[in-house]
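Participant: What follows is a predicted protein model with its sequence.
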Protein chains: 2
Amino acid sequence: MSAKDIDTCDLQCIHEETVNKVRKALLSEETIEDLQNLYKVLGDATRLSIMNALSIAEMCVCDVAAALGMSQSAVSHQLRVLKSARLVKYRREGKQVYYSLDDDHISKLFAVGLEHVRHR
Amino acid sequence: MSAKDIDTCDLQCIHEETVNKVRKALLSEETIEDLQNLYKVLGDATRLSIMNALSIAEMCVCDVAAALGMSQSAVSHQLRVLKSARLVKYRREGKQVYYSLDDDHISKLFAVGLEHVRHR
DNA sequence: TATACATATGAACGATTGTTCATATGTTCA
DNA sequence: TGAACATATGAACAATCGTTCATATGTATA
């Protein structure tokens, strides 16, 4: 039974004070979920490559596909995901739609990750 | 045929200069893959919750399980993932193993994400 | 308005991932 | 050394995700 496990654990191993302190200070489930969604979007090589490209220049969908050697469809699908996570923005000009990183804040997200990865 | 598509695209829509410029400036595939792995690890509510908890206090596996209402097994599995991404470190003390965030740099990763999520 | 083209979207398939359950490892203390 | 306990790990199943293929939408131009 899980009740038994928890009890056993409560009695034998847990630092109750720490656990209570931590419990009170935890972020809300909603915030954690938002963070999860953000990082999940960033956790894909295709999307990171797209963001990498857009951090260099504003580009239309076709440009991105050509630069990365991907299909138009795949790029479009992923741009949609990036857009709904507010990581990229777009502007329409005639038939083309030009995408770019949403703001400088996004580059920072990218940069902090890079720092970690390169730090050994 | 994909060759036809690419040609059509090349002739009709691509800004060749931009594409070439971007191609040259792209991060290496290896770097992108490292970034992907990092963010993928962060892109899970359980692991974020664990990191959230550890950012408040160093804790043993049992404490974490109790604080988050999770099974010991699930916590252990995820701590392993966090460990291999160098996001947490541990020290053994008797039967218990105490985990904490690997360094202050990790809190920054967390914080930058939070900023984005909270910014509207 | 009809055609061409850039982009978006829906369905479906294969691959990846997180949990659970069962059990193994490793440490302490009698 | 043997029992108790904290932690780790392996296998397997369900759920989630990214791609492809086919097609729809929307814009410009003849």
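Facilitator: Looks like it came in fine.

Participant: Please report the distance of the nearest residue to A:Arg47 once chain neighbours are set aside from A:Met51.
Facilitator: Nearest residue to A:Arg47, sequence neighbours excluded (Cβ to Cβ, 6 or more residues apart in numbering or on different chains): A:Gln78, at 5.1 Å. Heads up, the C-betas are built off the backbone N, CA and C, glycines and all. A:Gln78 sits 10 Å away from A:Met51, going by Cβ to Cβ, to the nearest Å.

Participant: likewise A:Asn37?
Facilitator: Going from A:Asn37 to A:Met51 by Cβ to Cβ gives 16 Å.

Participant: With A:Ser100 instead?
Facilitator: According to Cβ to Cβ, A:Ser100 stands 10 Å off from A:Met51.

Participant: Which of the two has more residues huddled nearby?
Facilitator: More neighbours surround A:Met51 than the other of A:Ser100 and A:Met51, with 24 against 15 (other Cβ atoms under 10 Å in any protein chain shown).

Participant: Surely that one touches A:Leu101?
Facilitator: Yes. If you go by Cβ atoms under 8 Å, A:Met51 and A:Leu101 touch, sitting 6.6 Å apart.

Participant: Find residues that contact each of these two.
Facilitator: A:Leu87, A:Val88 (Cβ atoms under 8 Å, 6 or more residues apart in numbering or on different chains).

Participant: Need phi/psi at A:Asp44.
Facilitator: With angles defined as degrees, to the nearest 10, A:Asp44 sits at phi -140, psi 130.

Participant: Report pLDDT for it.
Facilitator: pLDDT, A:Asp44: 97.

Participant: Could you find the closest non-adjacent residue to it?
Facilitator: What sits nearest to A:Asp44 in space, not counting adjacent residues and going by Cβ to Cβ, 6+ apart, is B:Gln36, at 6.2 Å.

Participant: Helix or strand: which one has the spatially most central residue of chain A?
Facilitator: Within chain A, the residue whose C-alpha comes closest to the C-alpha centroid is A:Tyr39; the distance, by Cα atoms, centre = their mean, is 2.7 Å. Secondary structure from DSSP states H and E places A:Tyr39 in helix A:29-42.

Participant: Flag every buried residue along that helix.
Facilitator: Buried residues in helix A:29-42, counted by 16 or more other Cβ atoms under 10 Å in any protein chain shown: A:Thr31, A:Ile32, A:Asp34, A:Leu35, A:Gln36, A:Asn37, A:Leu38, A:Tyr39, A:Lys40, A:Val41, A:Leu42.

Participant: can you check stretch A:84-102 too?
Facilitator: Taking 16+ other Cβ under 10 Å as the neighbour-count basis, stretch A:84-102 is seen to contain the buried residues A:Ala85, A:Arg86, A:Leu87, A:Val88, A:Lys89, A:Tyr90, A:Gln96, A:Tyr98, A:Tyr99, A:Leu101, A:Asp102.

Participant: Thanks a lot, catch you later.
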